[in-house]
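Asker: Take a look and give me a structure for this.
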Amino acid sequence: MGKEFFTLEASKTIVKLFDEAARNTGHGRGRVFSDFLTVARCALAGQTMEDEYHETIQKGYTDGEPGGRGIDILKTAFHLMIGAMEDTGQDVLGDVFQGAITYGENGQFFTPDSVCNLMANLAVPADRTDEPRTITDPACGSGRQLLAVAKHQPHWDFTGRDVDHRCVQMTAINMGLNGLRGWAAWQNTLTLETQRVYKVGFNRFGGVIRELPVAGSPFDYQTIEKTDSQSPSEQPVTISNEEPPPHSETPSQLDLF
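Answerer: Modelled structure (predicted):
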C-alpha cells in the first residue's frame with residue numbers, strides 16, 4: 001500500500017469511514033470505495049437502478065444493527081462528501097481516489113483542481129454565453145476539468161469518457177451533484193469500445209443520473225463512425241424503458257441510503 005496523500009481535510013475522514021465499512025464487511029478499502037460509487041450512483045438515479053443497488057448492498061453491507069451497518073457508514077460518508085464539496089467547491093471523490101485508493105497506479109494522477117481552474121480561466125469566457133457548446137474530456141478521470149469549465153458556463157453540455165469505470169462513475173456523480181447535464185461514458189476513446197453510458201441531468205424520474213443502452217447511444221462506435229461529425233448532444237439517442245420503474249416489495253434504496 002502506498003503512502004496516503006490528500007489535498008482536502010475531509011478526504012481523510014471519508015477514508016476512515018471506508019476503512020470502518022471494510023472491517024464491518026470483510027472487504028478491502030478499494031472494494032468498499034467501488035461499492036460506494038455504485039450505491040451513490042444508484043441513489044442519484046431516481047430508483048431506476050434498484051436491482052444493482054440491492055445486489056451491491058447484499059455483499060455484507062446490511063449485516064448488523066441499524067446505525068452500525070456498512071450501508072449506514074457509507075451513508076455517512078456520502079453526506080460528508082456532499083458537505084465537503086459545498087464547502088470547498090473541489091473534487092472530493094478524486095482526492096480520495098488517487099490519495100488512498102490507487103496511489104497513482106497506471107499513471108492515474110489527476111490534474112490538480114488549481115490547474116484545472118487556471119486552464120478554464122484562460123480558455124473559457126468569463127461572461128455567460130448563449131452559444132450552445134459541448135465540452136468533452138476523452139480521459140476525464142473524476143471529471144474535475146469539466147467542473148472547472150462549469151464554474152464559468154454551467155449551462156453548457158459536458159461529456160466525460162474514461163477507460164476506468166470508477167472514473168466514469170465519479171464523473172457522473174460529480175456532474176449530477178453540481179447540477180450539470182451531459183454524458184459520462186465508460187469507453188476506450190482510442191478503440192471507441194463502450195461498456196456503459198450514463199446520461200446526466202435532472203430527469204422525470206426524479207434522479208440526475210440515468211443509464212442508457214450503449215446501442216443507439218452517441219457512444220455506440222458503429223454509430224459514431226457514421227456520424228463522427230456530430231457532437232454527443234446532436235446525435236440521435238434511443239432511450240428504452242421510459243415507463244416508471246415497477247413497484248417492488250423490496251425496500252427501496254431510499255429506505256437504506
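Asker: Now do the strands in the stretch 1-150 of the chain.
Answerer: Ranges of strands in the stretch 1-150 of the chain, per DSSP state E, counting those that start in this stretch, are 134-137.
Asker: okay, and for it, where does confidence drop off?
Answerer: Applying pLDDT under 70 to the stretch 1-150 of the chain picks out residues 1-2, 104, 106-107.
Asker: Tell me where it has helices.
Answerer: In the stretch 1-150 of the chain, helices defined by DSSP state H, counting those that start in this stretch lie at 9-25, 29-43, 50-57, 70-88, 92-96, 113-123, 144-150, listed in chain order.
Asker: In terms of secondary structure, what does the third one contact?
Answerer: Contact analysis of helix 50-57 by 3 or more C-beta pairs under 8 Å, 6 or more residues apart in numbering; DSSP states H and E lists helix 29-43 as its packing neighbours. Backbone N, C-alpha and C define where each C-beta goes, glycine included.
Asker: what's the distance between the helix it packs on and the middle of its chain?
Answerer: 10 Å (C-alpha atoms, centre = their mean, to the nearest Å).
Asker: Kindly export that helix (C-alpha atoms) in CSV.
Answerer: The C-alpha trace of helix 29-43 is given here as CSV (Å, rounded to 0.1, in the frame of the first residue of the first chain):
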residue,chain,number,x,y,z
ARG,A,29,-10.8,-0.5,1.1
GLY,A,30,-10.7,-0.5,-2.7
ARG,A,31,-13.7,-2.7,-2.9
VAL,A,32,-15.6,-0.6,-0.4
PHE,A,33,-14.8,2.5,-2.5
SER,A,34,-16.0,0.9,-5.7
ASP,A,35,-19.2,-0.2,-3.9
PHE,A,36,-19.6,3.3,-2.6
LEU,A,37,-19.5,4.7,-6.1
THR,A,38,-22.2,2.2,-7.2
VAL,A,39,-24.6,2.9,-4.4
ALA,A,40,-24.1,6.6,-4.7
ARG,A,41,-24.8,6.5,-8.4
CYS,A,42,-27.8,4.3,-7.8
ALA,A,43,-29.1,6.7,-5.1
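Asker: which other helices and strands contact it?
Answerer: helix 9-25, helix 50-57, helix 70-88, helix 165-177.
Asker: Buried residues in the third one, which are they?
Answerer: Within helix 70-88, the residues scored as buried using 16 or more other C-beta atoms under 10 Å are 70, 71, 72, 73, 74, 75, 77, 78, 80, 81, 84, 85.
Asker: nearest to residue 7, of these?
Answerer: Proximity of the buried residues of helix 70-88 to residue 7 (C-beta to C-beta) peaks at residue 84, which lies at 11.3 Å.
Asker: so what's that closest one closest to, chain neighbours aside?
Answerer: Leaving out its chain neighbours, the residue that sits closest to residue 84 by C-beta to C-beta, 6 or more residues apart in numbering is residue 10, at 3.6 Å.
Asker: where's the one you found relative to residue 18, distance?
Answerer: 13 Å (C-beta to C-beta, to the nearest Å).
Asker: Looking at those two, which is more packed in?
Answerer: For residue 10 versus residue 18, neighbours defined as other C-beta atoms under 10 Å are more numerous around residue 18 (24 against 20).
Asker: OK, contacts around the more buried one?
Answerer: Contact analysis of residue 18 by C-beta atoms under 8 Å, 6 or more residues apart in numbering lists 29, 32, 33, 36, 77, 96, 100.
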